[in-house]
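Chemist: With the sequence up front, the predicted model follows.
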Amino acid sequence: MQDRLDDYISRHISPEPPLLAKTYRDTYVRHLYPRMCSGHVQGRWLKMLTGMINPRRVLELGTFTGYSALCIAEGMCPEAHLHTVEIDDEMEDELLERFAASPWADRIHLHIGDATEVIPTLAEEWDMVFIDANKRHYAKYYELVFPRVRKGGYIIADNTLWDGKVAECPQPTDAQSVGIMEFNDMVARDSRVEVSILPLRDGLTIIHKL
């Protein structure tokens, strides 16, 4: 049923632009763990959310093959810039080539390195942050970016339902599930924000800084 619903949704939303369709296909042909790629349905959400928020400065943690970055860039106004951080240095050439082929080449800035080390070096005030990097460190990312998010800004976090494991009792050795649960609990307790979770794909949390 879920597969049929996903197919139905894909046929009734805005089409996937050609560059994104190629990115999605290349991800599945060339890379391990292609499921990490956002895909058509979530990608259209990211593009639309970006347009609604209308940010001037956007930070993305976890670039992978660049699909979500391209969706965010597509939704940005002409004056906006996106800084995206990817830990895998072997992805650099592929990402730079892909971004250069996009209409937003001069507004996407790629940083290679560990997000926990890169974030403090970026002297920006963020209007929007998209977190989709190492699940073990979501709480740390939140602590690092929150002071730099402007009042009224947004933090969006992916994979926050984690295949439903957040509703179970994970083993202590399951560091990714534990990390997501710690992040979810931290955000739920934070009186400085309002929070909603979309049960889209693997869970998309939208955090509004009050």
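Modeler: Good, I have the coordinates. Numbers count the residues shown, from 1 in each chain.
Chemist: Can you give me the neighbour number for the residue nearest to P34 when sequence neighbours are not counted?
Modeler: Spatial nearest neighbour of P34, excluding adjacent residues (C-beta to C-beta, 6 or more residues apart in numbering): Y28 at 4.3 Å. Any C-beta I mention is one placed from the backbone N, CA and C, and that applies to glycine too. The tally of other residues near Y28 (other C-beta atoms under 10 Å) stands at 11.
Chemist: Mind pulling up the pLDDT for Y28?
Modeler: We have a pLDDT of 94 for Y28.
Chemist: Okay, and it sits in which element?
Modeler: Assigned by DSSP states H and E, Y28 falls within helix 18-30.
Chemist: Quick one: name whatever helix or strand follows that helix.
Modeler: helix 39-53.
Chemist: And the contacts of that following helix?
Modeler: Outside helix 39-53, the residues within contact range by C-beta atoms under 8 Å, 6 or more residues apart in numbering are 6, 9-10, 13-14, 16, 20, 24, 38, 58, 67-68, 71-72, 74-76, 127-128, 130, 154, 156, 158, 198, 200-201, 204, 206.
Chemist: And for stretch 24-36?
Modeler: Stretch 24-36 is contacted by residues 16, 37, 39-40, 64-65, 67 when judged by C-beta under 8 Å, 6+ apart.
Chemist: any idea which of those residues is closest to E94?
Modeler: T65 (7.1 Å; C-beta to C-beta).
Chemist: How about the contacts made by the closest one?
Modeler: Here T65 is in contact with 23, 26-27, 31, 37, 91, 94-95, 98 (C-beta under 8 Å, 6+ apart).
Chemist: can you redo these as JSON lines with neighbour count and distance to L110?
Modeler: As requested, these are arranged in JSON lines below (neighbours: other C-beta atoms under 10 Å; distance: C-beta to C-beta, whole Å):
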{"residue": "T23", "neighbour count": "26", "distance to L110": "15"}
{"residue": "D26", "neighbour count": "17", "distance to L110": "17"}
{"residue": "T27", "neighbour count": "20", "distance to L110": "17"}
{"residue": "H31", "neighbour count": "14", "distance to L110": "17"}
{"residue": "C37", "neighbour count": "21", "distance to L110": "17"}
{"residue": "M91", "neighbour count": "18", "distance to L110": "9"}
{"residue": "E94", "neighbour count": "16", "distance to L110": "11"}
{"residue": "L95", "neighbour count": "20", "distance to L110": "6"}
{"residue": "R98", "neighbour count": "23", "distance to L110": "10"}
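Chemist: Could you provide those in CSV, with additional columns for distance to H81?
Modeler: Shown next, in CSV, are these (distance: C-beta to C-beta, whole Å):
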residue, distance to H81
T23, 20
D26, 25
T27, 24
H31, 26
C37, 23
M91, 20
E94, 21
L95, 16
R98, 17
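Chemist: All the helices of this protein, residue numbers only.
Modeler: Using DSSP state H, the helices assigned to the chain run over residues 2-11, 18-30, 39-53, 67-75, 92-100, 115-118, 138-145, 175-189.
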